[in-house]
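Undergrad: Output the structure for:
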Amino acid sequence: MEILEQKHIALLTEAERRGDGATANLRLCFEVIALAAAIDRDCAARLAPHNLSEGKFVLLFLLHQMAEGLSPHELADRAGVTRATVTGLLDGLERDGFVTRQQSKDDRRKVLVRLSPMGQDAARELFDTHTRWIASLFGGFDESERQALSALLQRAWRNTDGGRKAMQPKAESEITQ
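TA: The predicted model follows:
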């Protein structure tokens, strides 16, 4: 069974035609990409019946234990997205009844986002369901297999531009800030 997308098969075929000796490494990279894409598609399909994307789901679970709410910029920071992205996600969540935005009692310039009762229910139910599904993807792996796969993935990550940058020692100016 071929899990690769046609574009990756075409690239592999061309690399083989040119005699590139790294085709096994290319195939492995494309298999990781195919797995990630399949997980993303499955995730989207599981959340879509609830009018949620992965980004909206992340905001729901970030707000779930925060009865006092969070500001949009705090949500952006915790979710690792831009403030503009959070604004769009919150617009959709508010429109669908999952969240409310209210002015802070302490500072009228500050807006706090809180889950509605519907949002609380969805966050509680979907977090449990979603994390069980994610965990099931590697359910047939024993502990040593999980550790080996994790170590291999981290090793490959260190070969990416982001991984190499993260591994570099911090400049003195960054440390003192």
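
Undergrad: Wasn't residue 140 part of a strand?
TA: No - counting by DSSP: H, G, I helix; E, B strand; the rest coil, one finds residue 140 to be coil, located in no strand.

Undergrad: and it, how many neighbours?
TA: By the measure other CB atoms under 10 Å, the count of residues near residue 140 is 7. The way it works is simple: take the backbone N, C-alpha and C, and place the C-beta from them, glycine included.

Undergrad: Touching stretch 53-72 from outside, list them.
TA: Stretch 53-72 is contacted by residues 40, 43-44, 47, 52, 75, 78-79, 81, 83, 85-87, 89-90, 92-93, 98-99, 102, 110-115, 119-120, 122-124, 126-127, 130 when judged by CB atoms under 8 Å, 6 or more residues apart in numbering.

Undergrad: now with 7 Å?
TA: 43-44, 47, 75, 78-79, 81, 83, 86-87, 89-90, 92-93, 98-99, 110-115, 119-120, 122-124, 126-127, 130 (CB atoms under 7 Å, 6 or more residues apart in numbering).

Undergrad: For that stretch, buried residues please.
TA: Neighbour counts over stretch 53-72 (16 or more other CB atoms under 10 Å) mark 53, 55-64, 69-72 as buried.
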